[in-house]
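Peer 1: 3D, please:
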Amino acid sequence: MAKQYNRVMLGRGGIHADQCVNEGFIGADFDINQDLSASLPDNWKDFNKDFVPIFLQAHPDKSKVAAGLSCGMLWTICKGLQVDDIVLSPDGKGYYYVGRIIGNYYYVPNGLFPHRRKVEWFSEKIARNDMSKELKSSCGSIGTCCNVTNYAAEIESLINAHTTIISCNNDEVEDAAEFAMEKHLEDFLIKNWKSTPLGKKYDIYEEEGELIGQQYPSDTGPIDILAISKDRKTLLVIELKKGRASDVVVGQIQRYMGYIKEEVAESNQTVRGVIIGLDSDTRLKRALSVTNNIEFYKYQIDFKLVK
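Peer 2: Residues are numbered from 1 along each chain as shown. Next up is the predicted model:
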């Protein structure tokens, strides 16, 4: 399996990062007070079936969705992250500790973050100000874990040379210029959501008052934007084309929609999809012609230089 890169929060705002670095580990809690060594299946869904009820017993005020996200992140820390994967952990002072996972799961009862992995922390930190806007945004996603493997090249550059690069090493991308432009589009949509046509019908997905719909985690990767209709009857999966081949983006959004339907949507909710891109092509039009729940939205750029 290829090396993965994940941002891992070590306490709210990175409050426990210094201690974790000094003691050489990352970890999580989530009030699951038992050794998980014999309870870590290869699939997070199987883990959630067993531990979501336990989590809800400890947190009866939490929703099923919140419980699923918490248990999924616990599984990621304990099992999903692999030896040699890279982790970035904010120190709460504008920098990120960087380390390499060097050991499998172990349990420390009554300790800070009892569910742990050993980490070899590097001597140099990464300054948040040295990151690209896109990497900053991804590292700012909610939750204990956030996969930032899409920025592997930039992260390696920051680790090795303390320089920032903007690159795309994804073989699925056909148009690098379009990819670069649409990396900014996601942030623009979030900030200007209410003034968009979609914003008139949908709200960005929230959980307990916290905006979690941007880069919403799923078992096939983070969803660009997850929204919910104002009547709460429809969940909307939004995927930016990002210069990728049409076949790839249609397949991806269908996988995301399947995840939302199975893992997030209530029985009375439907799931729809929207692909946003600079332009459609014949392959995209043909693919969408046989679906009745995915639409394509084209964006336009209006740039003027006025003296």
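Peer 1: mind listing the strands for the stretch 1-150 of the chain?
Peer 2: With DSSP state E, counting those that start in this stretch, the ranges of strands along the stretch 1-150 of the chain come out as 5-8, 25-28, 86-90, 95-101, 106-107, 115-121, 126-127, 145-147.
Peer 1: just checking, what packs against the last one?
Peer 2: With contacts defined as 3 or more Cβ pairs under 8 Å, 6 or more residues apart in numbering; DSSP states H and E, the secondary structure elements packing on strand 145-147 are strand 5-8. Quick note: C-beta positions are derived from backbone N, CA and C, even for glycine.
Peer 1: Please parse the chain into its domains.
Peer 2: Per the record's domain assignment (automatic domain parsing), the chain is made up of the domains 5-161, 176-298.
Peer 1: Now render the strands of the stretch 1-150 of the chain as JSON lines, adding mean pLDDT, distance to residue 135 and mean neighbour count.
Peer 2: As requested, the strands of the stretch 1-150 of the chain are arranged in JSON lines below (pLDDT from 0 to 100; distance: least, Cβ to Cβ, whole Å; neighbours: other Cβ atoms under 10 Å):
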{"stretch": "strand 5-8", "mean pLDDT": "95", "distance to residue 135": "9", "mean neighbour count": "24"}
{"stretch": "strand 25-28", "mean pLDDT": "95", "distance to residue 135": "19", "mean neighbour count": "25"}
{"stretch": "strand 86-90", "mean pLDDT": "94", "distance to residue 135": "9", "mean neighbour count": "24"}
{"stretch": "strand 95-101", "mean pLDDT": "93", "distance to residue 135": "10", "mean neighbour count": "21"}
{"stretch": "strand 106-107", "mean pLDDT": "95", "distance to residue 135": "30", "mean neighbour count": "16"}
{"stretch": "strand 115-121", "mean pLDDT": "94", "distance to residue 135": "20", "mean neighbour count": "21"}
{"stretch": "strand 126-127", "mean pLDDT": "90", "distance to residue 135": "9", "mean neighbour count": "18"}
{"stretch": "strand 145-147", "mean pLDDT": "90", "distance to residue 135": "11", "mean neighbour count": "21"}
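Peer 1: Switch those strands over to CSV; also include distance to residue 73.
Peer 2: Formatted as CSV, the entries for the strands of the stretch 1-150 of the chain read as follows, by distance: least, Cβ to Cβ, whole Å:
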stretch, distance to residue 73
strand 5-8, 9
strand 25-28, 7
strand 86-90, 13
strand 95-101, 15
strand 106-107, 17
strand 115-121, 11
strand 126-127, 22
strand 145-147, 5
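Peer 1: so which of those strands comes closest to residue 219?
Peer 2: In this view, the strands of the stretch 1-150 of the chain are compared for proximity to residue 219 by Cβ to Cβ, and strand 145-147 is the closest at 11.1 Å.
Peer 1: quick one: contacts of that closest one?
Peer 2: Outside strand 145-147, the residues within contact range by Cβ atoms under 8 Å, 6 or more residues apart in numbering are 4-9, 73, 76-77, 80-81, 138-139, 215, 217, 221-222.
Peer 1: Show the buried residues in those residues.
Peer 2: With neighbours counted by 16 or more other Cβ atoms under 10 Å, the contacts of strand 145-147 contain buried members at 4-9, 73, 76-77, 80-81, 138-139, 215, 217, 222.
Peer 1: where do the helices sit along the stretch 101-250 of the chain?
Peer 2: Across the stretch 101-250 of the chain, reading from the start of the chain, the helices by DSSP state H, counting those that start in this stretch fall at 133-139, 152-161, 176-191, 246-263.
Peer 1: Now do the shortest one: which elements does it pack against?
Peer 2: Meaning helix 133-139. In this structure, helix 133-139 packs against helix 176-191, strand 214-216, with contacts taken as 3+ Cβ pairs under 8 Å, 6+ apart.
Peer 1: lowest-confidence stretch among these?
Peer 2: When the helices and strands packed on helix 133-139 are compared on average pLDDT, helix 176-191 comes out lowest at a mean of 66.
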